[in-house]
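> model the structure of this input:
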Amino acid sequence: MTLALDPRLIAALLEWQAELGADECIGDAGVDRFAASAPPAPAAVAPLAQAAAPVAPMAAADPVAEAQALAARAGTLAELAALQAAYPHCELRKGARNFVFSDGNPAARVMLLGEAPGDNEDRQGKPFVGPAGQLLDRMLAAIGLDRAAPDPARAVYIANVLPWRPPGNRDPEPAEVAMMLPFVRRHIELVGPRVLVLMGNHACQAILGQRGITRLRGQWSEAMGLPVLPMLHPAYLLRNPYAKRDAWADLLELQERLEAT
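Next up, the predicted model:
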């Protein structure tokens, strides 16, 4: 017969044993605490490994070198646009609405290079479509040129140094221009115009390495094996209408060069 024990009695016995100092579990077999026990064998210590040579940190990516490699791969304008649009190192792409590559006829004799998209260009994804672009169209029409003309003799092809709008229409930063310059140069090579027109200071800085558009304008130069004509940017003409006389003189220079070729 099994004797049922009251749980309260069991708890009282345990408290009494704890008060007597019996606070450890005791096994069935006795243990001689006075018997000498062999000290545990020391753990084998592995021989010290020869210090590994320090690992050289990975070199940071060179954005300009990567841009050069990507641009060199482009065999067509479509390939260049896709490679440039996917280029990850220019922070401007994160804040822009659209990638603005070009407009006009790529078979044109004249290629115009501007600075960067503005708000209207960013919205529409085309260069020179805002008030400055409308003024540019009127200027070109005055000498018989049109960006929409199918005839290469009358057509114009337009691009910018930067394909993404800088926030607040600020000036391009030197690092941004340096990253985009390999794409710009390849762009010009693929189009192969007879004349390159640089609109404003930033285009002149990118291609000629010079600034001072009021001094450079109307002065023929050469870059990338092409005749280059710096001109005042249409946005400058909107702010300074008195300079339209200089712009008209530059347009006549362009017309004369085209008639001679």
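
> number of residues surrounding the residue nearest to Ala116 when sequence neighbours are not counted?
Residue nearest to Ala116 in three dimensions, not counting chain neighbours: Leu162, with 3.8 Å by Cβ to Cβ, 6 or more residues apart in numbering. Bear in mind the C-beta positions are built from the backbone N, C-alpha and C, glycine included. Residues near Leu162, counting by other Cβ atoms under 10 Å, number 24.

> for the one 4 residues further on, same thing?
The burial metric for Pro166, expressed as a neighbour count using other Cβ under 10 Å, is 20.

> that one and Met180, how far apart?
12 Å (Cβ to Cβ, to the nearest Å).

> assumed the residue nearest to Ala116 was part of a helix.
No. Leu162 is assigned coil when assessed by DSSP: H, G, I helix; E, B strand; the rest coil, not a helix.

> how about it, phi and psi?
Backbone geometry at Leu162, expressed as degrees, to the nearest 10, gives phi -110, psi 130.

> for the stretch 1-150 of the chain, what spans make up the strands?
102-104, 110-114 (DSSP state E, counting those that start in this stretch).

> so Gln219 sits against Pro230, correct?
Yes. At 6.6 Å, Gln219 and Pro230 qualify as touching, with contact defined as Cβ atoms under 8 Å.

> the two - which one has more neighbours?
In this view Gln219 and Pro230 are compared by other Cβ under 10 Å, and Pro230 has more residues nearby, 27 against 11.

> Val228: neighbour count?
Val228 has 20 nearby residues by other Cβ under 10 Å.

> state the pLDDT value of it.
Among the per-residue scores, Val228 shows a pLDDT of 98.

> which helix or which strand is home to it?
Using DSSP states H and E, Val228 sits in strand 226-231.

> element containing Ala178?
Counting by DSSP H and E, the element that carries Ala178 is helix 174-191.

> what about the stretch 51-200 of the chain, any weak spots by pLDDT?
51-60 (pLDDT under 70).

> contacting residues for the nearest residue in space to Ala153 that is not next to it in sequence?
Spatially, and ignoring its direct neighbours in sequence, Ala153 is nearest to Arg109 (6.6 Å; Cβ to Cβ, 6+ apart). Residues in contact with Arg109 (Cβ atoms under 8 Å, 6 or more residues apart in numbering) are Pro152, Ala153, Ala155, Pro193, Arg194, Val195, Leu258, Thr261.
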